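S.K.: Show me how the following folds:
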Amino acid sequence: MPLRIEDYALIGDTQTAALVGKDGSIDWLCMPRFDSAACFAALLGDERHGRWQIAPSHGSHEVRRRYRHGTLILETEFSTQTGVVRLIDCMPPRGRVPDLVRIVEGVRGEVPMSMLLDLRFDYGHIAPWLRMAGERLTAMAGPDAVCLQADFREGLSLAPRVDFTVREGERVRFGMVWYPSHEPCPPPLDIEGLLADTEAFWLDWSGRCTYQGKWREEVLRSLITLKALTYEPTGGIVAAATTSLPEWIGSVRNWDYRYCWLRDATFTLYALMVAGFYDEARSWRDWLLRAVGGEPSKLQIMYGCAGERRLVEMELPWLPGYENSRPVRIGNGAAHQFQLDVYGEVMDALHLAERVGMPSDASSWALQRTIIDFVEASWSLPDYGIWEVRGPMRHFTHSKVMAWVAVDRAIKSVEHSGHDGPVERWRELRQTIHDQVCREGWSEEKQAFTQYYGGTGLDASLLMIPLVGFLPPEDPRVRSTVEAIERELWVDGFVMRYRTEEGVDGLPPGEGAFLACTFWLADNLALIGRKEDAERLFERLLALCNDVGLLAEEYDAVAKRQLGNFPQAFSHIGLINTARNLSFPGGPAEHRKEENMDEVRADP
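M.R.: Numbering: from 1, shown residues only. Below is the predicted model of the structure:
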């Protein structure tokens, strides 16, 4: 049986990432960028499709693991009958090419170990050409090559398995570097020096965290995870490090999340700024401006980490998928769907950035004016909605709410920042959208806002209504909608996005509880005065974090396992913002709907 999703941990260098299992195996590695070909792909199939495992060679053993405090250095400790060893894994801060560092450290006694290496490029499709270059092993295929070095006294070999023994006080070092196959193999790595550099990098970064509220350790781990999912050269933040980890075991709900979603923008800005990471917030804002530049009609819901637009979706038939969850996909066809809500997210994020002191220029406001012109002409059209349904387009209530947000933030930019614009016309449009949502999106029968106009189903995205300021928390329609979602979308202690068996999304039914939605419910409970319920729900969510503090996208409360791509930025962003909402008055849930932005004002 493959490891569970939560049995993995993330290492990365803010340009690439790898997943390391509890069994000491790296089963997923993106090189040289998040969205590029994977060197190991065992996570999406079986052990024949690429892995690099370092673990005790025989007998049973216990496993404990942790991140070094404030870092992304993973330590996995194996306790056997003959001794204890510690496996240290990290990806050093990026030089010209990505490196992987692994060190086996003898803690007590002596432990027979094995290294299993099965290199595969192109998502497990290509077995590379192996050869020895002195004491190092090289592997290449097409444009990709890697070079492996080790401390073995007998040296490496072309055999897939090498056995060795580690005794107390000994350290056996391994280093792997990716490089373009047309170039020579880079010089040998200074592995101990790279480990020290990695620790210094992360301690310096995490030491800048200003968050001092409750649950600080969980917030800091989530912030480090968010930083690890950042593509540092551009500031883009990918939704997850993986593709095609299923939202339901055995289902077809398997998507590629190694891209940057626009709808994450405002949440991400808050998560970074409330913890003092203004440079990263500015980089994300700047990435957003570059990515959306062009015609608003061609604005996408997601982009590549450098702003790429062509994210062609294709299936990889040679991979059986995680626990036979087919198909395995790369690329994401939803990139070209019309989703009205992202225009509101973009306008909200840019308005927030300006209000907290990130200066904008005339070209930025010109872009926002163009976006509002498009919203003005298109807000009444049906769309595919926040959940990127593969079914028919509809008039989704959340989409209309976010169209209102787009216009509302444009008006506030004129009122507070002195920008020019037809503000009276925009005020009329804002009221028109508001009136329509309250008329067409409300169900007297349900006493709640519904997923789409004329429907009867509920949708957790409606929890955004008070969070974006569309209606105040004290409005009885807000409270009754929250209560209806608790009645109908609350399953085994967590919140579903919507009822998939109702067929709205054009896919077979079945998925886990969506963790971000459950964080939104906690935010809503706090806003409507149910603070104790909010904290209990938040603590239940924290208990889902794996042993090193990571969350996937969804959770199966019956099987008690994480589901979906991993680790999921949106889940960790929700954790950060909800912790802030519950720790202090005037958190992100208040800021997003209020005029006063002083508490999240950026550094000069």
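S.K.: Which pLDDT value goes with Tyr270?
M.R.: pLDDT, Tyr270: 89.
S.K.: Distance check, it against Leu551.
M.R.: Distance of Tyr270 to Leu551, given as Cβ to Cβ, to the nearest Å: 18 Å. For the C-beta atoms, the positions are set from N, CA and C on the backbone; glycine is no exception.
S.K.: Between these two, tell me which one has more neighbours.
M.R.: Each of Tyr270 and Leu551 has its neighbours counted (other Cβ atoms under 10 Å); Leu551 has more, 29 against 25.
S.K.: Next, that one: secondary structure please.
M.R.: When classified by DSSP: H, G, I helix; E, B strand; the rest coil, Leu551 comes out as coil.
S.K.: go on, Ala403?
M.R.: helix.
S.K.: what's the answer for the one 3 residues further on, then?
M.R.: In the three-state summary, Ala406 is assigned as helix, counting by three-state DSSP.
S.K.: do Phe267 as well
M.R.: Going by three-state DSSP: Phe267 is helix.
S.K.: what residues are up against it?
M.R.: Phe570, Ile573, Gly574, Asn577, Pro588 (Cβ atoms under 8 Å, 6 or more residues apart in numbering).
S.K.: what's the model's confidence in the one helix or strand the second one maps to, averaged?
M.R.: Right, Ile573. Assigned by DSSP states H and E, Ile573 belongs to helix 569-583. The pLDDT scores in helix 569-583 average 96.
S.K.: Who are the packing partners of that helix?
M.R.: Under the contact criterion of 3 or more Cβ pairs under 8 Å, 6 or more residues apart in numbering; DSSP states H and E, helix 569-583 touches helix 216-228, helix 265-273, helix 515-527, helix 531-542, helix 588-591.
S.K.: Mind putting those into JSON lines with distance to Tyr123?
M.R.: What follows is the helices and strands packed on helix 569-583, written out as JSON lines (distance: least, Cβ to Cβ, whole Å):
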{"stretch": "helix 216-228", "distance to Tyr123": "21"}
{"stretch": "helix 265-273", "distance to Tyr123": "28"}
{"stretch": "helix 515-527", "distance to Tyr123": "27"}
{"stretch": "helix 531-542", "distance to Tyr123": "32"}
{"stretch": "helix 588-591", "distance to Tyr123": "37"}
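S.K.: mean pLDDT for those helices: which is lowest?
M.R.: helix 588-591 (a mean of 68).
S.K.: got the contact list for the residue nearest to Ala513 when sequence neighbours are not counted?
M.R.: Spatial nearest neighbour of Ala513, chain neighbours left out: Phe494 (3.4 Å); criterion: Cβ to Cβ, 6 or more residues apart in numbering. Counting by Cβ under 8 Å, 6+ apart, Phe494 touches Ala513, Leu515, Thr518, Arg540, Leu541, Tyr555, Ala557.
S.K.: Ok, Leu137 next?
M.R.: By Cβ under 8 Å, 6+ apart, the contact set of Leu137 is Leu117, Leu130, Arg131, Cys147, Leu148, Gln149, Leu156, Ser157, Leu158.
S.K.: So among those residues, which ones count as buried?
M.R.: With burial judged by 16 or more other Cβ atoms under 10 Å, the buried subset of these is Leu117, Leu130, Cys147, Leu148, Gln149, Leu156.
S.K.: Helix, strand, or coil at Ile88?
M.R.: Ile88 ends up strand, using three-state DSSP.
S.K.: That one bridge partners, please.
M.R.: Ile88 has these beta-bridge partners by DSSP bridges: Glu75, Ile103.
S.K.: quick one on the thing from earlier: any of the contacts of Phe494 buried? List them.
M.R.: Ala513, Leu515, Thr518, Leu541, Tyr555.
S.K.: is it possible to export the residues you listed to JSON lines including distance to Gly469?
M.R.: Below are the buried ones among the contacts of Phe494 laid out as JSON lines (distance: Cβ to Cβ, whole Å):
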{"residue": "Ala513", "distance to Gly469": "26"}
{"residue": "Leu515", "distance to Gly469": "24"}
{"residue": "Thr518", "distance to Gly469": "22"}
{"residue": "Leu541", "distance to Gly469": "24"}
{"residue": "Tyr555", "distance to Gly469": "29"}
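S.K.: And those residues, which two are furthest apart?
M.R.: Using Cβ to Cβ, the buried ones among the contacts of Phe494 reach their maximum pairwise distance at Ala513 and Leu541, which is 10.0 Å.
S.K.: Flag the shaky bits of this structure, pLDDT-wise.
M.R.: 46-48, 153-155, 586-587, 589-604 (pLDDT under 70).
S.K.: Which residues are in contact with the closest residue to Gly454 other than its chain neighbours?
M.R.: Nearest non-adjacent residue to Gly454, counting by Cβ to Cβ, 6+ apart: Glu440, 7.3 Å away. Going by Cβ under 8 Å, 6+ apart, Glu440 touches His395, Thr397, Tyr453, Gly454.
S.K.: Please identify which of these is nearest to Leu226.
M.R.: The shortest approach to Leu226 among the contacts of Glu440 belongs to Thr397, at 29.3 Å (Cβ to Cβ).
S.K.: For that closest one, grab phi and psi.
M.R.: Note on Thr397: backbone dihedrals following degrees, to the nearest 10 are phi -60, psi -40.
S.K.: So it is in contact with Leu462, correct?
M.R.: Yes - the pair Thr397 and Leu462 passes the contact test of Cβ atoms under 8 Å, sitting 6.3 Å apart.
S.K.: quick one: common contacting residues for those two?
M.R.: Phe449, Thr450, Gln451.
S.K.: number of nearby residues for the first one?
M.R.: Residues near Phe449, counting by other Cβ under 10 Å, number 28.
S.K.: That one: what's it in contact with?
M.R.: Contacts of Phe449 (Cβ under 8 Å, 6+ apart): Thr397, Val437, Gly441, Trp442, Ser443, Leu462, Ile465, Arg477, Thr481.
S.K.: likewise Arg499?
M.R.: Gly457, Leu458, Glu488, Leu489 are the contacts of Arg499 under Cβ under 8 Å, 6+ apart.
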